[in-house]
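# heads up, no residue letters with this:
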């Protein structure tokens, strides 16, 4: 089964290209101007075993919101496109992921309806990084919720994200991405007992 898709989305605010292979090895090729977000995309791919290629640019002179939210939208579009009619998939998945002092939970259902619950208790204090040879970057942590809202809206899925406990916003966000990736990996897997069946009593997950 070839579950590969690509989406090239251009607006007056952002230009984003993503290629996705759901049945990959967790490999990434990222050209992304926000270092912390590139780290999260790499983490997401590695733990979901998704191969992801991303090329992105946007109006960072305004703020980081447009680019991060639109990245979630395009990634969600890629999953929706690659899954097709969703025949044979397990449909839902969940994961509790610990990262040092932090514990994050993710539950996802690829049932065709969009809903996000985001209970991640972020402080709102920017995460500061200094790329090699570059200027200091401040990552706006509030845009993480916008990323996931864009993702669920485009992918047509329910996603509940919770941080049960934690101190570091970096750890909270990273544990969240790892938990979401592993939950999504399970939901996308083919159920060998029902590989010719759409997992819905309606007969459709459109």
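In hand now; what should we look at? On a predicted model such as this, the values are computed, not experimentally measured, just so you know. Residues are numbered from 1 along each chain as shown.
# Could you measure from residue 73 over to residue 56?
Relative to residue 56, residue 73 is positioned 12 Å away (CB to CB, to the nearest Å). Yep, even glycine has a C-beta here, placed from its N, CA and C like the rest.
# now do residue 77
14 Å.
# and if you look at residue 129?
Taking CB to CB, one finds residue 129 at 17 Å from residue 56.
# These two: who's more crowded?
Neighbours were counted for residue 129 and for residue 56 using other CB atoms under 10 Å; residue 56 has more, 23 against 15.
# Does the more buried one touch residue 71 like I think?
Yes - using CB atoms under 8 Å, residue 56 is in contact with residue 71, at 6.1 Å.
# Need the residues touching each of the two.
16, 32 (CB atoms under 8 Å, 6 or more residues apart in numbering).
# Now do the helices in this protein.
Secondary structure of the chain, counting by DSSP state H: helices at 35-48, 65-83, 143-155, 169-188.
# now these in a markdown table, with mean neighbour count and mean pLDDT?
What follows is the helices of the chain, written out as a markdown table (neighbours: other CB atoms under 10 Å; pLDDT from 0 to 100):
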| stretch | mean neighbour count | mean pLDDT |
| --- | --- | --- |
| helix 35-48 | 21 | 97 |
| helix 65-83 | 22 | 97 |
| helix 143-155 | 22 | 98 |
| helix 169-188 | 23 | 98 |
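# want to throw the ones you listed into JSON lines with distance to residue 199?
What follows is these, written out as JSON lines (distance: least, CB to CB, whole Å):
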{"stretch": "helix 35-48", "distance to residue 199": "19"}
{"stretch": "helix 65-83", "distance to residue 199": "12"}
{"stretch": "helix 143-155", "distance to residue 199": "16"}
{"stretch": "helix 169-188", "distance to residue 199": "10"}
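# looking at those helices, which is closest to residue 12?
Residue 12 lies closest to helix 65-83 among the helices of the chain, at 9.5 Å (CB to CB).
# now the angle from that closest one to helix 143-155?
30 degrees (axes from the mean of the first three to the mean of the last three CA atoms, to 10 degrees).
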